[in-house]
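Student: pasting the sequence and the predicted coordinates here, then a few questions.
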Amino acid sequence: MKLIKKKGLNLSPNIVFIGFISLLTDVSSELIFTLLPLFLTNVLGVATVVIGLIEGIAESTASLLKLLSGWLSDKLRNRKYLSFIGYALSALSKPFMLIANAWGPILAIRFADRFGKGIRAAPRDALVGDSVDEDNRGKAYGFHKAMDTSGAALGLILAALVVFSLQRDVVNLQFDTYRWMIIIGIVPAFIALFFFIFIKEPPKKAVDACTARVADSAKEKAIDKRFKIFMAIMFLFTLGNSSDAFIILRAQNLGNSVLLISIMLIMFNVVYALFSMPAGILSDKLGRRKVIITGWIIYALVYLGLAAVNQGWMIWLLYAFYGLYYGLTQGVYRALVCDLVPEERRGTAFGMYNGIVGITLLPASLIAGWLWQSVSPATPFYFGAALAGLSAIGLLIFVKE
């Protein structure tokens, strides 16, 4: 597969087109779902524990499918069409948000959207690994996350413009404002599907650039023990990493209006996008573990800050550093998965990674919702900071590169 070598990018066309698909899909998702917690609380009067239930069920139940789709992509040796089916299902579910007027239908729509993600996530991540050489692996996953997050930023900019046009600095989200976000957000979700025309399934003989380095042929089809340990550590970390809906609610709890929250989320995604590719390149040079541990330390400090702040403006600085944490880790996680498994098991491994992280979001979100209501809005963030610190220690001790 030919590489794009403009200014040293060294990435295949597949990586670029997958990036544009993710960009457009995130424009859509951010418009429709980022302010959904505010719609549920401000318009429908839903309790925070129900929001935790919606987010947890939608993410975790759909995550079971990620295990199957990754394994299936290994068996079929076809990542492209499974990815397309997943993106198509998510796009088809979004128009139904226009008629949802209770949390039950919203749960069903949110589940359908995440069901689509469950089908596409592991095959797409494996396709990225299939389409790049080993020396540029971190860069490729970093580029993908940068495009994905740029789409999120664009979606939030559009959301902020809608809020500014319809309700300005009104603290609570209004129904008509959210309805227009849904109408606009539906369009890019369907445009993204057309980019699959340009994606090619890499031939099997070209895939071995991303195989794990193993000592002998008997180990070529085995999953590295370090991968299993990494999955256990990711479970621990994710247990304290509840839905970001709680950070949005924390921002409103401290007096930020819907418009200010939208701008804050734009800032977060800009920081995330700017650091994703440099972090991937850095992990190619210095190792994945060092970059991930640095990200987790930043995460712990941010969560401690979210627990302690008492003024609305303070959360802006913390959310900028939260974007840095995302930029340092999300692409590098996937590059590390690719490092630790052979090519024949890559889809299965990404299914396990996405599945474990997604499934853990159910207990994580329920715990956060319970701590918020039963103790205080600060308590979920203390809990998350503690688990992040333990996870960083575990990665340092038990996962060697």
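Tutor: Done, it's in.
Student: list the buried residues of the host helix or strand of residue 138.
Tutor: Using DSSP states H and E, residue 138 sits in helix 137-166. When burial is assessed from 16 or more other Cβ atoms under 10 Å, helix 137-166 yields the following buried residues: 137-160, 162-163. C-beta here means a position set from N, CA and C on the backbone, and glycine is covered the same way.
Student: which neighbouring elements make contact with that helix?
Tutor: Helices and strands touching helix 137-166, as assessed by 3 or more Cβ pairs under 8 Å, 6 or more residues apart in numbering; DSSP states H and E, comprise helix 13-33, helix 103-130, helix 175-191, helix 258-286, helix 314-340.
Student: any chance of those in CSV, with distance to residue 84, mean pLDDT and mean neighbour count too?
Tutor: As requested, those are exported to CSV (distance: least, Cβ to Cβ, whole Å; pLDDT from 0 to 100; neighbours: other Cβ atoms under 10 Å):
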stretch, distance to residue 84, mean pLDDT, mean neighbour count
helix 13-33, 9, 93, 23
helix 103-130, 8, 90, 23
helix 175-191, 13, 93, 18
helix 258-286, 24, 90, 22
helix 314-340, 20, 93, 23
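Student: residues in contact with residue 69?
Tutor: Residues in contact with residue 69 (Cβ atoms under 8 Å, 6 or more residues apart in numbering) are 82, 86, 118, 119, 120, 121, 122, 123, 347, 351.
Student: let's see stretch 331-343 as CSV, backbone CA atoms only.
Tutor: Extracted in CSV, the C-alpha atoms of stretch 331-343 (Å, rounded to 0.1, in the frame of the first residue of the first chain):
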residue,chain,number,x,y,z
GLY,A,331,-3.8,6.7,20.6
VAL,A,332,-0.9,5.3,22.6
TYR,A,333,-3.1,2.7,24.2
ARG,A,334,-4.0,1.3,20.8
ALA,A,335,-0.3,1.4,19.7
LEU,A,336,0.6,-0.6,22.8
VAL,A,337,-2.1,-3.2,22.1
CYS,A,338,-0.7,-3.6,18.6
ASP,A,339,2.8,-4.0,20.0
LEU,A,340,1.8,-6.8,22.4
VAL,A,341,-0.1,-9.1,20.0
PRO,A,342,0.6,-10.9,16.8
GLU,A,343,-1.1,-10.0,13.5
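Student: how about the helices and strands packed on helix 137-166, which one is nearest residue 370?
Tutor: helix 103-130 (17.5 Å; Cβ to Cβ).
Student: what helices or strands is the closest one leaning on?
Tutor: Judged by 3+ Cβ pairs under 8 Å, 6+ apart, helix 103-130 is in contact with helix 13-33, helix 48-76, helix 80-93, helix 137-166, helix 314-340, helix 346-374.
Student: the fourth one to helix 13-33, inter-axis angle?
Tutor: This means helix 137-166. Helix 137-166 and helix 13-33 are oriented at 30 degrees to each other (axes from the mean of the first three to the mean of the last three Cα atoms, to 10 degrees).
Student: what of the fifth one?
Tutor: Direction vectors for helix 314-340 and helix 13-33, defined by the same axes, to 10 degrees, enclose an angle of 140 degrees.
Student: before we move on, the earlier item: now, which of the contacts of residue 69 sits nearest residue 295?
Tutor: For the contacts of residue 69, the nearest to residue 295 is residue 121 (20.1 Å; Cβ to Cβ).
Student: surely the closest one and residue 353 touch.
Tutor: No - if you go by Cβ atoms under 8 Å, residue 121 and residue 353 don't touch, sitting 9.1 Å apart.
Student: before we move on, the earlier item: turn the helices and strands packed on helix 137-166 into CSV, including distance to residue 69.
Tutor: Formatted as CSV, the helices and strands packed on helix 137-166 follow (distance: least, Cβ to Cβ, whole Å):
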stretch, distance to residue 69
helix 13-33, 16
helix 103-130, 5
helix 175-191, 19
helix 258-286, 24
helix 314-340, 15
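Student: distance of the residue nearest the centre of the chain from residue 276?
Tutor: Closest to where the C-alpha atoms of the chain average out (Cα atoms, centre = their mean) is residue 330, at 7.3 Å. According to Cβ to Cβ, to the nearest Å, residue 330 stands 7 Å off from residue 276.
Student: name the nearest residue to residue 154, ignoring sequence neighbours.
Tutor: Once flanking residues are discounted, residue 154 sits nearest to residue 27: 5.0 Å by Cβ to Cβ, 6 or more residues apart in numbering.
Student: can you check residue 232 too?
Tutor: Nearest in space to residue 232, with sequence neighbours left out and distances taken as Cβ to Cβ, 6+ apart, is residue 394 at 7.9 Å.
Student: check which helices and strands the helix or strand the one you found falls within sits against.
Tutor: Residue 394 belongs to helix 379-398 when assigned by DSSP H and E. Of the remaining helices and strands, those touching helix 379-398 by 3+ Cβ pairs under 8 Å, 6+ apart are helix 225-239, helix 288-308, helix 346-374.
Student: what's the closest of those helices to residue 169?
Tutor: Per Cβ to Cβ, nearest to residue 169 of the helices and strands packed on helix 379-398: helix 288-308, 23.0 Å.
Student: that closest one vs helix 225-239, what angle?
Tutor: Going by the same axes, to 10 degrees, helix 288-308 makes 10 degrees with helix 225-239.
Student: how far does helix 288-308 sit from the chain's center?
Tutor: Relative to its parent chain, helix 288-308 has a centroid offset of 17 Å by Cα atoms, centre = their mean, to the nearest Å.
Student: for that helix, enumerate the helices and strands it packs against.
Tutor: Counting by 3+ Cβ pairs under 8 Å, 6+ apart, helix 288-308 packs on helix 258-286, helix 314-340, helix 379-398.
Student: any chance of those in a markdown table with distance to residue 252 as columns?
Tutor: Shown next, in a markdown table, are these (distance: least, Cβ to Cβ, whole Å):
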| stretch | distance to residue 252 |
| --- | --- |
| helix 258-286 | 6 |
| helix 314-340 | 10 |
| helix 379-398 | 15 |
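Student: between residue 330 and residue 276, which contacts overlap?
Tutor: With Cβ under 8 Å, 6+ apart as the test, residue 330 and residue 276 both reach residue 145.
Student: out of the helices and strands packed on helix 288-308, which comes closest to residue 296?
Tutor: helix 379-398 (4.3 Å).
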